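Need coordinates for the below:
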Amino acid sequence: MDHSTGSGRILGLDLGDARIGVAISDPDRRLAVPLGTVQVGRPPGELRAIAGLAKENDVTLVVVGHPLLLSGKAGARARLAEEFGEALRAVLGIPVVLHDERLSTVAAERGLREAGATGRDRRKVVDRSAATVTLQSFLDEGKGRPSR
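Below you'll find the model as predicted:
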């Protein structure tokens with residue numbers, strides 16, 4: 001789906017078992033930066049926390065990492081992301097799209113390791129870094145920028 005006619009910030013999410021990594025774009029939808037994490041617990045709390053971040057940052061589109069299998073097929077984790085996206089769409093009332101995030105966590109880990117982050121430090125920030133990698137990929141593909 002093409003979202004190039006929209007404007008405003010985009011929120012990127014990387015769904016993890018313990019935390020949801022959160023990244024945000026600049027208003028021009030060119031650069032993704034880490035925003036933080038949301039603790040995973042009871043789903044209504046997660047949805048409320050993300051809705052709060054979206055409202056606070058004037059977000060007009062949410063990109064949820066879609067962890068497809070290397071074959072490109074949807075496994076159990078991808079189906080969970082799809083369900084989460086549907087629930088989020090119902091709560092937010094703004095577009096929520098899935099974006100292929102294969103290997104985003106691997107890329108985030110590699111970047112953190114190259115930056116000298118220790119294993120303990122990497123674990124603390126890998127979720128938001130993976131969200132940033134996924135959102136930047138979405139932006140780089142031009143899916144979130146207005147047509148000119």
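
All the strands of this structure, residue numbers only.
Assigned by DSSP state E, the chain shows strands spanning 9-15, 19-25, 32-39, 59-66, 96-100.

so which of these gets nearest residue 136?
Closest of those to residue 136 is strand 32-39, at 4.1 Å (criterion: CB to CB). Yep, even glycine has a C-beta here, placed from its N, CA and C like the rest.

What separation is there between residue 39 and residue 139?
Remark: distance between residue 39 and residue 139 (CB to CB, to the nearest Å) = 26 Å.

With residue 27 instead?
12 Å.

the more surrounded of these two?
Per other CB atoms under 10 Å, whichever of residue 27 and residue 139 has more neighbours is residue 139, with 22 against 13.

Could you dump the strands of the chain into a markdown table with distance to residue 132, mean neighbour count and mean pLDDT added?
Converted to a markdown table, the strands of the chain look like this (distance: least, CB to CB, whole Å; neighbours: other CB atoms under 10 Å; pLDDT from 0 to 100):
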| stretch | distance to residue 132 | mean neighbour count | mean pLDDT |
| --- | --- | --- | --- |
| strand 9-15 | 7 | 27 | 96 |
| strand 19-25 | 4 | 25 | 95 |
| strand 32-39 | 5 | 18 | 93 |
| strand 59-66 | 11 | 24 | 96 |
| strand 96-100 | 13 | 19 | 95 |
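
what's the least confident helix or strand in the chain, going by average pLDDT?
helix 104-114 (a mean of 59; mean pLDDT, DSSP states H and E).

before we move on, the earlier item: of the strands of the chain, which is nearest residue 135?
Evaluated over these, closeness to residue 135 peaks at strand 9-15, with 2.8 Å, by CB to CB.

Run through the residues that contact the closest residue to residue 27 other than its chain neighbours.
Of all residues not flanking residue 27 in the chain, residue 9 sits nearest, at 5.9 Å (CB to CB, 6 or more residues apart in numbering). Counting by CB atoms under 8 Å, 6 or more residues apart in numbering, residue 9 makes contact with 24, 25, 26, 27, 29, 57, 58, 59, 60.
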